[in-house]
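# take this sequence and fold it.
(one chain, ligands or ions: 2)
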Amino acid sequence: MAQILDRLVGDWLDRLRARRDRLIADPAFQRWSLANPLARIVARRRARAALDLTAGFVYSQVLFTCARLRLFDILIDGPLPLPELADQLGLPAEAARRLLDAAVSLDLAERRSGGRYGLGQLGAAFAGNRAALSLVEHQPLLYADLADPLALLRGEKRAVLADYWPYSDLEKPKALAAEQVGPYSALMAASQPMVAQEALDAYDISRHKRLMDVGGGEGVFLCAAAARAPDLQVTLVDLPAVADRARARFEAAGVLPRAQVCGGDFLRDPLPKGADVVTLIRIVHDQDDDRALALLRNVRAALEPGATLLIIEAMSGVKGAEPLDAYYGFYTLAMGRGEPRRVEEIEALLRQSGFGGFRLLRNALPTLTSILVAKAV
Ligand SMILES: CC(C)=CCC/C(C)=C/CC/C(C)=C/C=C/C(C)=C/C=C/C=C(C)/C=C/C=C(C)/C=C/C=C(C)/C=C/CC(C)(C)O
Ligand SMILES: C[S@@+](CC[C@H](N)C(=O)[O-])C[C@H]1O[C@@H](n2cnc3c(N)ncnc32)[C@H](O)[C@@H]1O
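Numbers count the residues shown, from 1 in each chain. Ligands and ions are numbered 1, 2, ... in the order given. As a prediction, this is how the structure comes out:
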């Protein structure tokens, strides 16, 4: 009965939406809505959204140029006149003016009195966020691949990004050398503080004894967790060449005495036992379902019942994070493996791997990451 009712309501909604879509697509309706003072409010908002979609790539390139030329670092000390700015940016005055006018139009910069330029509110937010800037600066790799998105979708082109993340299509990732893991590990380390802050603000890690970060990169997350929980022991698992980088970071941060560092393959090698909490940060969305299942089962095998697993990555369908399917969907397409998943999809994989008791935490920036808590059953 409930199913029939569901179907009837669904059909009725579909008919209603089809009428709405035909109306919005009608040029006469679009003309009318711009002429009508009330409808114009909505029409202008939708037209602005359409422009943002159309011009988004150009906006990103303006942001990238500002980041590459350190505009935000220059302006954080106060506004400057154009000739001095042009000098510091290393651009001819006319080119600097063009870049700054573009930046002003995107709230990255602002025009100030006496012909000077200062930071816009978004520019100020970037000035204080090295982690976000590191991601902005690596975007050209993605854009190179997205120059031909159809070829990517049809599988006709091997993407540049796939070489940047070389572990994604190797049967023996443990053989990766230091120079192959260096660039992506440095990017992950630079962007990790933003994610660590979200996760550690939402989840009190000090209630645990040993935290194991699987695919923990250079150990930035574990250093942040160790700083918040002085009695916490930490274990990091990553490919051997990445684990070496983590060891060096732990030593520099004074974390080495309470750290265990394991170079290994999290899909094929058994994981160390003894942790009462495990984190997988920006890991599951790199993997197709088969590999994600192998990984989660491997994690489960290392845990006692009742232990906690935290999946920390951007998840689709979470309120406030709606455009993620576009960004991570095409990002992982270019990487050649993985996909962003909905919370229910991750829970289904977890259930098949021996986890339950799911709880999605509330956090400040779901565009950046979500945090799903699961218990080993
Ligand atoms: C008081 C006054 C003057 C004004 C009040 C107005 C007000 C409230 C202003 C707010 C100021 C404020 C606090 C701003 C905060 C801004 C923040 C937090 C900005 C954060 C920006 C984050 C960005 C842009 C993040 C971008 C993330 C990206 C692009 C992620 C990429 C991830 C990748 C590539 C991951 C790869 C991993 C893989 C391989 C898929 O596994
Ligand atoms: C996207 S990065 C995330 C790094 C870190 N968790 C973070 O959020 O900054 C994925 C990490 O998983 C590691 N990794 C990928 N495949 C692996 C495998 N088969 N075994 C062990 N580590 C692996 C990579 O070396 C890399 O450090």
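# ok, residue 88 - contacts?
The contact partners of residue 88, by CB atoms under 8 Å, 6 or more residues apart in numbering, come to 74, 80. In this view, the C-beta of every residue, glycine as well, is placed from N, C-alpha and C.
# ok, it to residue 226 distance?
39 Å (CB to CB, to the nearest Å).
# got it, and residue 107?
37 Å.
# do whatever helix or strand residue 234 lives in and ligand 2 meet?
Using DSSP states H and E, residue 234 falls within strand 233-238. Yes. Using CB under 6 Å from any ligand atom, strand 233-238 comes into contact with ligand 2 via residue 238.
# report the mean confidence score over that strand.
Averaged over strand 233-238, pLDDT sits at 98.
# sorry, back to before: ok, residue 107 and residue 226, which is more surrounded?
Set side by side, residue 107 and residue 226 show more neighbours around residue 226, with 22 against 14, by other CB atoms under 10 Å.
# just the angle between the helix or strand containing the more buried one and strand 233-238, please?
According to DSSP H and E, residue 226 maps onto helix 220-228. Interaxial angle, helix 220-228 versus strand 233-238 (axes from the mean of the first three to the mean of the last three CA atoms, to 10 degrees): 170 degrees.
# so which bits of stretch 266-282 are buried?
Neighbour counts over stretch 266-282 (16 or more other CB atoms under 10 Å) mark 266-267, 271-272, 275-282 as buried.
# the residues you listed: which two are farthest apart?
Taking CB to CB as the measure, the buried residues of stretch 266-282 span a maximum distance of 22.9 Å, between 267 and 276.
# how far away from the center of its chain is the lengthiest helix in the chain?
Counting residues, the longest helix in the chain under DSSP state H turns out to be helix 37-68. Remark: helix 37-68 is offset 21 Å from the chain centroid, using CA atoms, centre = their mean, to the nearest Å.
# what lies in contact with the next helix or strand after that helix?
Tracing the chain past helix 37-68, the next element assigned as helix or strand by DSSP H and E is helix 71-75. Outside helix 71-75, the residues that touch it by CB under 8 Å, 6+ apart are 66, 80, 85, 88-89, 99, 103, 108-109, 117-119, 123-124, 126-127, 133.
# sort out for me which of those are in helices.
66, 85, 88-89, 99, 103, 123-124, 126-127, 133.
# show me just the buried residues among those.
Using 16+ other CB under 10 Å, the buried ones in the ones in helices among the contacts of helix 71-75 are 66, 85, 89, 99, 103, 123-124, 126-127, 133.
# quick one: name the residues of this structure near ligand 2.
Residues of the chain lying near ligand 2 (CB under 6 Å from any ligand atom): 167, 173, 181, 185, 188, 192, 195, 215-217, 238-239, 242, 265-267, 281-283, 286.
# report the contact partners of the residue nearest to residue 129 when sequence neighbours are not counted.
The spatial neighbour of residue 129 that comes closest, neighbours along the chain excluded (CB to CB, 6 or more residues apart in numbering), is residue 194 at 7.0 Å. Applying CB under 8 Å, 6+ apart, we find residue 194 in contact with 129, 131-132, 368.
# distance of residue 194 relative to ligand 1?
Here the distance between residue 194 and ligand 1 works out to 7 Å (CB to the nearest ligand atom, to the nearest Å).
# how near is that residue to ligand 2?
As for residue 194, its distance to ligand 2 is 10 Å (criterion: CB to the nearest ligand atom).
# quick one: the helix or strand hosting that residue to chain centroid distance?
Per DSSP H and E: residue 194 is located in helix 178-202. Put simply, helix 178-202 sits 10 Å off its chain's centre (CA atoms, centre = their mean).
# got the angle for whichever helix or strand comes after it vs helix 220-228?
Beyond helix 178-202 in the direction of the C-terminus, DSSP H and E gives the next helix or strand as strand 210-214. Strand 210-214 runs at 160 degrees relative to helix 220-228, counting by the same axes, to 10 degrees.
# touching strand 210-214 from outside, list them.
Applying CB under 8 Å, 6+ apart, the contact partners of strand 210-214 are 205, 219, 221-222, 225, 232-237, 266, 271-272, 274-281, 283, 295, 299, 302.
# run through the neighbouring helices and strands of the lowest-mean-pLDDT helix or strand in the chain.
When the helices and strands of the chain are compared on mean pLDDT, DSSP states H and E, helix 160-164 comes out lowest with a mean of 90. On a contact count with 3 or more CB pairs under 8 Å, 6 or more residues apart in numbering; DSSP states H and E, helix 160-164 meets helix 130-146, helix 324-335.
# out of these, nearest to residue 39?
Nearest of these (CB to CB): helix 324-335, 27.9 Å.
# mean confidence score for the closest one?
92.
# got the angle between it and helix 130-146?
60 degrees.
# quick one: name whatever helix or strand follows helix 324-335.
Next along from helix 324-335, by DSSP H and E: helix 343-352.
# can you list the neighbours in contact with that following helix?
Contacts of helix 343-352 (CB under 8 Å, 6+ apart): 284, 289, 292-293, 296, 309, 311, 315, 317-318, 341, 356, 358, 360, 370, 372, 374.
# which among those residues end up buried?
Neighbour counting with 16+ other CB under 10 Å marks 284, 292, 296, 309, 311, 315, 318, 341, 358, 360, 370, 372, 374 as buried within those.
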